[in-house]
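A.B. asks: sequence first, then the predicted structure, then my questions.
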Amino acid sequence: MNGVRGAWCAVVAGLVLCVVAPGRAVAQDDEIGIAIGARPAAVTIEDLAGRPVDLGQIVGRKPVLLEFWATWCPLCAELLPKISAAHARYGNRVEFVIVAVAVNQSQTSIQRHLEKHPMPFRFLWDTNGRAARAFQAPSTSYVVVLDAQGKVVYTGVGADQDVEAAIRRAVGDGGGR
């Protein structure tokens, strides 16, 4: 239990950093969180209806972009146009998954948010922090891009990430469609 509590303390500390000092969080083009080249552990989290979803069934089939996200995260809101543009360009080749963290929000509050602000991504619920631990998420607005073999090719945090360049690393070319 102490390991779970310690992991959540680290996630909460990172989330507080995003709220208290959003101007200080900048994009990373180096390792933050899970190591570049690593293969994350397969964990089961939930969809917004509470049904289990095995991330191992998503990762390793085609490139994947994961963002650790919250309705209250200002950096996530700033990053949204970049992720939306990347989705418009690569959505048929890359799986876009938003992992909603279970800090100061609920499945219901996320569903209400999405009714007001629809987004074309798959939303999952990390109710017990399994995905946050598997991907070593330091905060919200944390993006991980994996290639089709399930290896991490990019990690970053903050609103100033070059999401399309990260995706190009995963798809192995400069083209979109």
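C.D. replies: Done, it's in. Predicted, not measured: the structure shown is a model, and the values here were computed from it. Residues are numbered from 1 along each chain as shown.

A.B. asks: switch to C-alpha atoms for all contacts and neighbour counts from now on
C.D. replies: Fine.

A.B. asks: next up, phi/psi of His87, please.
C.D. replies: phi -60, psi -40 (degrees, to the nearest 10).

A.B. asks: that should have said Met119, apologies.
C.D. replies: When quoted as degrees, to the nearest 10, the phi and psi of Met119 stand at phi -140, psi 150.

A.B. asks: quick one: low-confidence parts of the protein?
C.D. replies: Within the chain, the stretches with pLDDT under 70 are 1-31, 173-177.

A.B. asks: number of nearby residues for Ser109?
C.D. replies: When neighbours are defined as other CA atoms under 10 Å, Ser109 has 12 of them.

A.B. asks: same deal with Gly50?
C.D. replies: By other CA under 10 Å, 12 other residues sit near Gly50.

A.B. asks: so Ile83 belongs to a strand, correct?
C.D. replies: No: using DSSP: H, G, I helix; E, B strand; the rest coil, the assignment for Ile83 is helix, not a strand.

A.B. asks: quick check: the gap between the nearest residue to it once chain neighbours are set aside and Thr127.
C.D. replies: Among residues not flanking Ile83 along the chain, Val163 sits closest, at 6.4 Å (CA to CA, 6 or more residues apart in numbering). According to CA to CA, to the nearest Å, Val163 and Thr127 sit 26 Å apart.

A.B. asks: with Pro138 instead?
C.D. replies: 16 Å.

A.B. asks: helices along this protein, start to end?
C.D. replies: Along the chain, the stretches classed as helices by DSSP state H are 2-20, 74-90, 107-116, 130-134, 163-171.
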